[in-house]
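> Sharing a sequence plus its predicted fold:
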Amino acid sequence: MIYDKRLDGGAGFDWGKTSEEYAKYRDIYPPEFWKPLLDAGLFRAGLRVLDIGTGTGVLPRALCQYGAQFTGTDISAGQIEQARRLSEGLPIEYRVCPAEQLDFPDGSFDTITACQCFFYFDHAAVVPRLARLLKSGGRLAVTYLSWLPEEDPVAGASERLVLEYNPGWTGGGEYRRPVDLPPIVHQYFTLEQPIQFDLLLPFTRESWAGRIHACRGVGASLPPEALARFNEEHRALLARIAPESFHVLHYAAQAILRVREP
């Protein structure tokens, strides 16, 4: 269980509680999401890449085909178990390890990525460590993807239901904005490329119900009885307001940074 006073009032959450749903329903990133990172040359053959907060290995599974050597780390053993299952036959190494305790030798990696997770970390501990782990000229890519509840009616209705069951959840209310980079990042890295764009992502009622189940405010935090009631009510809601297949408006925000020379 992770307790972070910055998130959800410190109520705590455990991704291991929803790892199976995460593995099934949260690999929603289309090729357009990865294209700016590929265009920047972050995953060329011969490069070593560390994906921190890898979860079920969504990023390395999507990008290892381009030739880089990937390592993924995550604090949750359940998430890493799913990552290994889904990555069978792929040349990806996984380790259970908090980002604050990464113990690779200095200069081990050409690229470090953090997809949908950078805000979880203790930045004072993590950012200097990431800078040390990168080779000279190495780059850090921080990426984020979120639905837009004020513009998309299905996303807005789902989010309001999450808040009925979990009023302390602080993951809602997203809007278009750059990646949030705390000040310490700029002590160690230079921002090369900020990126923002919209995406219309396809869902069915089943896959959207699964996506919401696998969010921090639901499957990672609600007790079993409340979770069962939520899922039943959410599916009934979707049957009323959404066709069997639909799109949900999201925005993507990415930041590509280069490590400062000592």
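Received the coordinates, thanks. Numbering: from 1, shown residues only.
> drop to CA atoms for contacts and neighbour counts, all remaining ones
Fine.
> what sits against the closest residue to Gly57 other than its chain neighbours?
For Gly57, the nearest residue in space outside its immediate sequence neighbours is Ala83; the separation is 4.8 Å by CA to CA, 6 or more residues apart in numbering. With contacts defined as CA atoms under 8 Å, 6 or more residues apart in numbering, the neighbours of Ala83 are 23, 55-58, 94.
> Could you rerun that using 7 Å?
Taking CA atoms under 7 Å, 6 or more residues apart in numbering as the criterion, Ala83 is in contact with 55-57.
> isn't there a helix covering it?
Yes - remark: Ala83 belongs to a helix, assigned using DSSP: H, G, I helix; E, B strand; the rest coil.
> related to what we said a few turns ago, which among the contacts of Ala83 gets closest to Arg177?
For the contacts of Ala83, the residue nearest Arg177 by CA to CA is Gly55; the value is 23.6 Å.
> Wait, a helix at that closest one?
No - if the criterion is three-state DSSP, then Gly55 is coil and not within a helix.
> Now the residue lying closest to it once chain neighbours are set aside. Its backbone dihedrals?
Excluding its sequence neighbours, the residue lying closest to Gly55 (CA to CA, 6+ apart) is Gln79, at 5.1 Å. For Gln79, the backbone dihedrals (degrees, to the nearest 10) come out as phi -60, psi -40.
> likewise Phe118?
The phi/psi pair for Phe118 (degrees, to the nearest 10) is phi -60, psi -30.
> what residues are up against it?
Per CA under 7 Å, 6+ apart, neighbours of Phe118: Val142.
> try 8 Å
Applying CA under 8 Å, 6+ apart, the residues contacting Phe118 are 53, 142.
> For the stretch 151-262 of the chain, which segments count as helices?
Applying DSSP state H, counting those that start in this stretch to the stretch 151-262 of the chain gives helices spanning 153-165, 183-188, 205-213, 224-241.
> Report all helices and strands that the longest one contacts.
Helix 224-241 is packed against helix 153-165, helix 205-213, with contacts defined by 3 or more CA pairs under 8 Å, 6 or more residues apart in numbering; DSSP states H and E.
> what comes up buried for stretch 162-170?
162-163, 165-166, 169 (16 or more other CA atoms under 10 Å).
> which residues of the stretch 51-200 of the chain fall in strands?
69-74, 92-96, 109-115, 134-147, 189-204 (DSSP state E, counting those that start in this stretch).
> chain center to the shortest one, what's the gap?
Remark: strand 92-96 is offset 16 Å from the chain centroid, using CA atoms, centre = their mean, to the nearest Å.
> what is the orientation angle of that strand with strand 69-74?
Here strand 92-96 runs at an angle of 20 degrees relative to strand 69-74 (axes from the mean of the first three to the mean of the last three CA atoms, to 10 degrees).
> Same check on the last one?
For the pair strand 189-204 and strand 69-74, the angle between their directions (the same axes, to 10 degrees) equals 80 degrees.
> ok, strand 189-204: who's next to it in the sheet?
strand 245-259 (antiparallel) (DSSP bridges).
> That's all I had, so thanks and see you.
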